[in-house]
Every structure is written in C-alpha cells, then in structure tokens.
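Engineer: 3D model of this:
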Amino acid sequence: MEQRNTKGEGSFKINADGAITHRKSIGYKSNGYRKVLTVTAGNKAACIRLMKQKETEWQRQQKEESVSSGMTVVDLCQKHLDYQISQKELKPKSIDRRECTIVHHIGAHPLGHMQVQAVRVADVDKHIGGLISSGKLSASSIEKVVDVLNAAYEWIIMRGEYTSNPVAPIRKTLKKRIQKLRQKSENASDVDVLSPEEEKAFVKEARAIDARTGKPKYEAGLYGLFLLYTGMRCGEMLALRYSDIDTKGYITINKSRSMAKNRDNPSAKDKKYVIVEGSTKNEKARRLKLTEEAWAVLKEICLKSYKGDLSALIVTTRTGNPNTATNLEHRMATIFRNAGLEGLSGGLHIFRRTFATRQYERGVRVKEIAAYIGDLESTTERYYISVRKKVKEDGEVKQIVVLPDVCRSETDRTAS
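Structural biologist: Below is the predicted model:
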C-alpha cells in the first residue's frame, strides 16, 4: 500500500519484505521529464534521511550544471550544442555548421557576450538586423542564427532553469525579414542550373581526350557526369560501393560520406578533419533505376577501377584513396573553366539542380522527382527546380519565364 508523506512531499510504500520505499519528485531533468528520487530503508525515518542525502547531491549537481546563472549567450549555445552531441541528435557535418554559427555569427558580436538573463527581445532584433544590414551573410546563414538562439533558450526553459525566450515573440517577424534577402530581380535565376548549351559544353569537356596520351583528359570527368545524370548528392556518390550496384541498372543509396572535424582525436595535428560515413541526409535509403546515360557512365567508371572487391568504394582518387567533395569541386571547377563556364555558381549541387529541372521540364511530377533525388517535395520545388530559362540577348545572359507550351516544345527540341 502506498501512502503520501505527512508533509505532502512524496510517498511511502510498504514492500512485501517489510522494507519501505520512499519516492519524491524534486524537479526536472535536462530532457524535460520529472526527476524522481527513490530510496528504500527499514523505516520511514531512515528513508527520510536517505532522501535528504540524495536531494543534497542532486542540488549540487544541478548547481554545477546550471546554465543560466551568470552564463553568456554564446556559452549557452555551446552548452546546448554539447548536449545535442551527447544525445547524438546531430550528424558530424551539422555539428560543424552549428559550431561555426555559434563562434562567428553569435560569439563574435556583442549579443554573444551578454548574460543570458540580460537579453531582451530588442537585443535579438538588433543583432539579427545588424547581420542583415551588413550584407555579408546569406539568408540561410542568418536564419541559422535565429534557429540556434531559439533552440538554446527553449532548452533551458525545458530544463526548468529559465522562463523567458527573447527570440520567440519576434521569430516569425525575423524570418519574414530574412526571407526578403531571397527576393530575386527580373534577371535573377530561380535556381542555378546548367542551360542546355552549358550542359553540352560541360559534357563535351568532361569527356575530352588528351591529344598527347590518347587518354581521358580528366580523371574526375565521369564523376561529374554521374552526378549530372542521377541528381544524387555528392556525399551519397562518395559512399557508393560496388555491392550497391546490380546488373539490371539499379543502385542502392543508403549512406553518405563527408568531411568533419576530428572530435575523437582533436590533438592529431595532421588530421584536423576526417571522413565520416553515416546515413543519407533525409535518413531514408532508396533504390534507383538509372537512366541510360547514368548506367553507361557507371559502367565506364567500374571498368576502369573495379578490382574484384565488392566492398570497395567506387569513387576514388587517382591513387585509389577515398575521394572528397572538396577534391571533386576543384576538379569540376577546372572542367568548367576549360569549357568556358567559369561564371557558374553553386558548386557540385548545380548538377543536382540541373537534373531535377530537366526532369520537371519533361513533365515529371515534383513528388516523383523528390523521391528520386531523396528530398522533400517542398524542398525540391523551392531549391532544385528552375522555371526561368537562360537566354542570350545582345551578348548578355538573361532569365525569362516562357509560356508552358513554349517551354515544353523548346525542351523537346533540345532533347531531340
């Protein structure tokens, strides 16, 4: 039978062996759940003594772990990040990005050195307004600052250590102001993609043969083509192994590789960054039926590099080491430059955008495109499909929005 303590604190339960179990709720844990202490002794008096000892120890731990007392905003954000790391909430690459936001876009400014309790709505508004007016950061980078600050304050509120979030009242307003940075002029592209002419120029240069040796001019040319014909993320291509291919023209994408800070051994000066392999960005594996062009390119890659080990990586450097996105970006930049496309922006992601846009122009539904490239339908429509078309007028490249039927007919003529 369970009885409440006479003082209204906790409860006592007489166990089958005659011992007494005392339970008492004394606050909240860092994950938001109630902290309940439990002790068992021969009688109530002993239970109360043990409970007081446990309460004292808990209060000592809470004091040591206290976030808000005398702590600055940048320290709070870092402590929240440390908590997320300990709970394995973030991937290594996301940890690096968030750490960059905390150090450079919060800690390097007056707001970052204010005490948590001293920050008001006006201080947050002033900080974000300053980042916007500086013109140095992209909309997505500034939005990340808002998200990091909001998440950190929500965290200490959840812990029961604070009651007010100065970001919450103006979060929607800030997002709208940041959104204005994404507004495009009449000659700005929806999304940076290769025009049909630029795509032909890239393909031609990527497949160029060195006149002296008779061998391909670029070792990484086929990798660029594979990205262009599949729309997959570079990290997903870097994680592909021969065991992920079957002879019917399908590949399985269930991993991704990227560079991240060496947090396991930070003292290793020669390896500040290491390759990490994990799940895909949206945590979903997918099996793709390759296009004829993509299947042909993949077979070329395999013929050149396969040595009988199905567990080996497909995309490697010339020496056979694991490749990286940074290395491939340098290689593609060279191909772009030699193809007369040095003015392009967007890095390797321009292949993914081009693939999605071409599929859309052919009449494929956005939902199907999103499933193929492994992204949300809303994200695909917003960031990977360009409706505006590049045209040249009087020697200048301009962006136009054509009639849908004209758009389709032009696309069909280009394809044929």
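Engineer: so who does the closest residue to Asn150 other than its chain neighbours touch?
Structural biologist: Spatial nearest neighbour of Asn150, excluding adjacent residues (CB to CB, 6 or more residues apart in numbering): Val167 at 4.2 Å. C-beta here means a position set from N, CA and C on the backbone, and glycine is covered the same way. Val167 makes contact with 124, 146, 149-150, 153, 174 under the criterion CB atoms under 8 Å, 6 or more residues apart in numbering.
Engineer: Also Arg388?
Structural biologist: 189-190, 399-401.
Engineer: State the pLDDT value of it.
Structural biologist: pLDDT for Arg388: 82.
Engineer: Check Glu410 too.
Structural biologist: 51.
Engineer: try Glu2
Structural biologist: In this prediction, Glu2 has a pLDDT value of 57.
Engineer: can you give me the mean pLDDT across stretch 11-29?
Structural biologist: Per-residue pLDDT over stretch 11-29 has a mean of 87.
Engineer: just curious, which of the contacts of Arg388 is nearest to Ile251?
Structural biologist: Nearest to Ile251, judged by CB to CB, of those is Asp190 at 29.0 Å.
Engineer: hmm, back to that, which of the contacts of Val167 are buried, as a ChimeraX select command?
Structural biologist: To isolate the buried members of the contacts of Val167 in ChimeraX, using 16 or more other CB atoms under 10 Å:
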select :124,146,149,150,153,174
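Engineer: Pick out the most distant pair among the contacts of Val167.
Structural biologist: Largest separation among these by CB to CB: Tyr153 and Leu174, giving 13.8 Å.
Engineer: what are the ranges of the strands in this protein?
Structural biologist: Secondary structure of the chain (DSSP state E): strands at 2-4, 11-14, 20-28, 34-41, 250-253, 256-261, 273-278, 286-289, 389-393, 396-400.
Engineer: among the ones you listed, which is the most enclosed?
Structural biologist: strand 256-261 (a mean of 20; mean count of other CB atoms under 10 Å).
Engineer: so who does Glu99 touch?
Structural biologist: 81, 261 are the contacts of Glu99 under CB under 8 Å, 6+ apart.
Engineer: Please name the bridge partners of the nearest residue to Thr40 once chain neighbours are set aside.
Structural biologist: Leaving aside its chain neighbours, Thr40 sits nearest to Thr21 (4.7 Å; criterion: CB to CB, 6+ apart). Assessed by DSSP bridges, Thr21 has beta-bridge partners Lys13, Thr40.
Engineer: doesn't Asn15 make contact with Thr21?
Structural biologist: Yes. Contact between Thr21 and Asn15 holds when scored by CB atoms under 8 Å: they sit 6.0 Å apart.
Engineer: what touches both of the two?
Structural biologist: Shared contacts of Thr21 and Asn15 (CB under 8 Å, 6+ apart): Thr40.
Engineer: distance of the residue nearest to the spatial centre of the chain from Ser141?
Structural biologist: With distances taken as CA atoms, centre = their mean, Ser94 lies nearest the centre of the chain, 5.3 Å away. Per CB to CB, to the nearest Å, Ser94 is found 14 Å from Ser141.
Engineer: Likewise for Arg257?
Structural biologist: 24 Å.
Engineer: and what of Ile369?
Structural biologist: According to CB to CB, Ile369 stands 27 Å off from Ser141.
Engineer: Those two - which one has more neighbours?
Structural biologist: Ile369 (23 against 17; other CB atoms under 10 Å).
Engineer: Tell me where the model's unsure across the chain.
Structural biologist: 1-8, 30-32, 63-69, 185-187, 266-270, 405-416 (pLDDT under 70).
Engineer: May I see the domains of it written out as residue ranges?
Structural biologist: 2-65, 73-182, 196-383 (automatic domain parsing).
Engineer: Those domains into CSV, with extra columns for distance to Lys389?
Structural biologist: Shown next, in CSV, are those (distance: least, CB to CB, whole Å):
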stretch, distance to Lys389
domain 2-65, 50
domain 73-182, 20
domain 196-383, 9
